[in-house]
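In: requesting a structural model of the entry that follows:
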Amino acid sequence: MFANSKTENFNSTNVVIDYLKGLIVSMLVSLGLVIIFALLLKWFDLPESLVVPITFVIKYLSVIVGSLIAIKGTSKGLVKGGLFGFFYTILAFVVFSFLAKSFALDLTTLLDLASSILLGAIVGIIKVNRK
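Out: This next block holds a predicted model:
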């Protein structure tokens, strides 16, 4: 009856496609940056203490880039971004565990999941409120 200027045309197929695009790009960013970092570790005598912080930075950059691609519309940025962070972390865990041939779920993985959900939610809020 009354038209709301904030009403979005919700199409679940488009949402899935947007999330898949974001996940693909974020995984490519992750894989590319991990390969570059591995090469830098091999070529230069970098301390191993850099591995964990750089890995987190790579994951966070991937979540940011993927969220910016996946999240469309003008509402529910917190939920959309949080879901993207969740999906990215699960996919990254499976892919990198497969590559490492080790599926170890530990506290670091859970912290990674929580921080990626939080970061995705923050990016989602910013993205849907950006003019």
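
In: centre-most residue in the protein?
Out: Centroid-nearest residue in the chain: Val63, 2.4 Å away (criterion: C-alpha atoms, centre = their mean).

In: now the helix or strand hosting that one: mean pLDDT?
Out: If you go by DSSP states H and E, Val63 is part of helix 51-70. Over the span of helix 51-70, the pLDDT mean works out to 93.

In: return the set of buried residues in that helix.
Out: 54-55, 58-60, 62-70 (16 or more other C-beta atoms under 10 Å). Where you see a C-beta, it was placed from the backbone N, CA and C, and this is true even at glycine.

In: and for stretch 82-100?
Out: Gly82, Leu83, Phe84, Gly85, Phe86, Phe87, Tyr88, Thr89, Leu91, Ala92, Phe93, Phe96.

In: how about residues contacting that stretch?
Out: 19, 22-23, 26-27, 30-31, 34, 59, 62-63, 66-67, 70-71, 103-105, 109, 112-113, 116-121, 124 (C-beta atoms under 8 Å, 6 or more residues apart in numbering).

In: dump the residue contacts of Met27.
Out: Ser62, Tyr88, Leu91, Ala92, Val95 are the contacts of Met27 under C-beta under 8 Å, 6+ apart.

In: restricted to helices, list those.
Out: Ser62, Tyr88, Leu91, Ala92, Val95 (DSSP state H).

In: ok, now which ones touch Lys21?
Out: Here Lys21 is in contact with Ile69, Ala70 (criterion: C-beta under 8 Å, 6+ apart).

In: the helix or strand encompassing it to helix 51-70, inter-axis angle?
Out: In the assignment (DSSP H and E), Lys21 maps to helix 12-43. Interaxial angle of helix 12-43 relative to helix 51-70 (axes from the mean of the first three to the mean of the last three C-alpha atoms, to 10 degrees): 150 degrees.

In: buried sites along helix 12-43?
Out: Counting neighbours by 16+ other C-beta under 10 Å, helix 12-43 gives 15, 18-19, 22-23, 25-27, 29-31, 33-34, 37 as buried.

In: next one: stretch 106-117
Out: Thr109, Asp112, Leu113, Ser115, Ser116, Ile117.
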